[in-house]
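Participant: following is a predicted model, sequence given first.
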Amino acid sequence: MLTHFVFTTLKSTMTESRRGTSEAQHIPSIRPGIEGYADGMRMFPRLKEWENQIALKALREGKTVDELRNVTPFRQYLGVAKRAYLAGEHSPFSSFPSLFAESPSIDMLVSFGNFHPIRARTWTLAKQYPELHLPLEQFFQDALYQIAPYSARSYDPSIGNPFHHFLAEILKKRFQTFVTIYQREITAPLQSEDMSQTKDGKPAQRRVKIASLDAPIRNAGIPQTLFEFVERTHHTPQDTTHIEDQEARDKIHLLAQLAGLNEKQEETLIALYIYGGNTPLIAQLRRTTTRSVRGQRQAALESIQQLGYETVSGILTGASQQRR
């Protein structure tokens, strides 16, 4: 097919140095890492203890989220939020519709409604391990979708312990396990002959931490990380990605001129090359439909096909310029 030939030829002649890297471009919608995760959770309210107890009671009774909508005080919250929305006004209960809409079950509703204390508790626990760069967003995911829903299903009010205390204790135990697993991932076991011995003959240390490029170099004259040292002392090959992309644009532009393509058709071919043929992404960036993108692509390729194989091949491989 002509589509395969055009883009395969472009990539094989001008992007050899990009092997092993992704060509698709991603546009972040929120901040990355923990901050971005917290941003997404701001759409949910923070449930008070007595609100937790009402939701947990409904959970033990086998009720659904839709049935919980009609239970006081949630029925009143949702009603006030709806009236405020229709009037174009702000309401302190405007986050409750999102909570109910995004919760497939009551245990998940309780989890989403307790993300804020989960986050605070996790930060408190993480401060006990300042030397570790813990992937806290991973623990937040586990806490939100596994630990907190499990706690909601397992909670027994007869023990007289508030739910947020019950959840905090389970979070503490799971976090300790999380830290232990992470520590094993960033350390390696020592050989028996390398183990230092204590006075009673037992190994003083069984594992050693794997060196991190981001860790500061000890006793260095200039404060720097190992990555900064290597970057400063070793030459980094020049990134030719931008140059290669520009060359590809120029070749597509020449084909477009010879084939009589309009501006939209030329832009479509360039976007298909840059974004790796990701039609939905191109449609999203151009605020159009995938059908429109496919139509522009088809019309452009049919016009280019009229130029003939030798002409197209010569332009894409650079053979036509060499003969001039």
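Facilitator: Happy to help now that I have it. On a predicted model such as this, the values are computed, not experimentally measured, just so you know. Residues are numbered from 1 along each chain as shown.
Participant: for the particular helix or strand that has residue 124 in it, name the packing helices and strands.
Facilitator: Using DSSP states H and E, residue 124 sits within helix 115-126. The contact analysis (3 or more C-beta pairs under 8 Å, 6 or more residues apart in numbering; DSSP states H and E) places helix 115-126 against helix 33-41, helix 136-142, helix 163-185. Every C-beta, even on glycine, is put in place using the N, C-alpha and C of the backbone.
Participant: send me it as PDB with only the CA atoms.
Facilitator: Extracted in PDB, the C-alpha atoms of helix 115-126 (Å, rounded to 0.1, in the frame of the first residue of the first chain):
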ATOM      1  CA  PHE A 115      -8.900   9.900  49.800                       C
ATOM      2  CA  HIS A 116      -7.900  13.100  51.600                       C
ATOM      3  CA  PRO A 117      -7.200  11.300  55.000                       C
ATOM      4  CA  ILE A 118      -5.600   8.400  53.100                       C
ATOM      5  CA  ARG A 119      -3.300  10.900  51.500                       C
ATOM      6  CA  ALA A 120      -2.500  12.700  54.800                       C
ATOM      7  CA  ARG A 121      -1.800   9.300  56.500                       C
ATOM      8  CA  THR A 122       0.400   8.100  53.700                       C
ATOM      9  CA  TRP A 123       2.500  11.300  53.800                       C
ATOM     10  CA  THR A 124       2.900  10.900  57.600                       C
ATOM     11  CA  LEU A 125       4.100   7.300  57.200                       C
ATOM     12  CA  ALA A 126       6.400   8.200  54.300                       C
END
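Participant: name the residues that touch it?
Facilitator: 38, 41, 44, 46, 134, 136, 139-140, 143-144, 148, 164, 167-168, 171-172, 175 (C-beta atoms under 8 Å, 6 or more residues apart in numbering).
Participant: got the helices and strands packed on helix 115-126 as JSON lines, with mean neighbour count, mean pLDDT and distance to residue 301 columns?
Facilitator: Shown next, in JSON lines, are the helices and strands packed on helix 115-126 (neighbours: other C-beta atoms under 10 Å; pLDDT from 0 to 100; distance: least, C-beta to C-beta, whole Å):
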{"stretch": "helix 33-41", "mean neighbour count": "14", "mean pLDDT": "64", "distance to residue 301": "39"}
{"stretch": "helix 136-142", "mean neighbour count": "16", "mean pLDDT": "87", "distance to residue 301": "43"}
{"stretch": "helix 163-185", "mean neighbour count": "15", "mean pLDDT": "92", "distance to residue 301": "48"}
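Participant: residue 256: which of these is closest?
Facilitator: Closest approach to residue 256 among the helices and strands packed on helix 115-126 (C-beta to C-beta): helix 33-41, 39.0 Å.
Participant: who's in contact with the host helix or strand of residue 78?
Facilitator: Following DSSP H and E, one finds residue 78 within helix 74-86. Residues outside helix 74-86 that contact it (C-beta under 8 Å, 6+ apart): 51, 54, 55, 68, 69, 90, 91, 93, 94, 96, 97, 100.
Participant: try 10 Å
Facilitator: Here helix 74-86 makes contact (C-beta atoms under 10 Å, 6 or more residues apart in numbering) with 45, 51, 54-55, 58, 65, 68-70, 89-100, 109.
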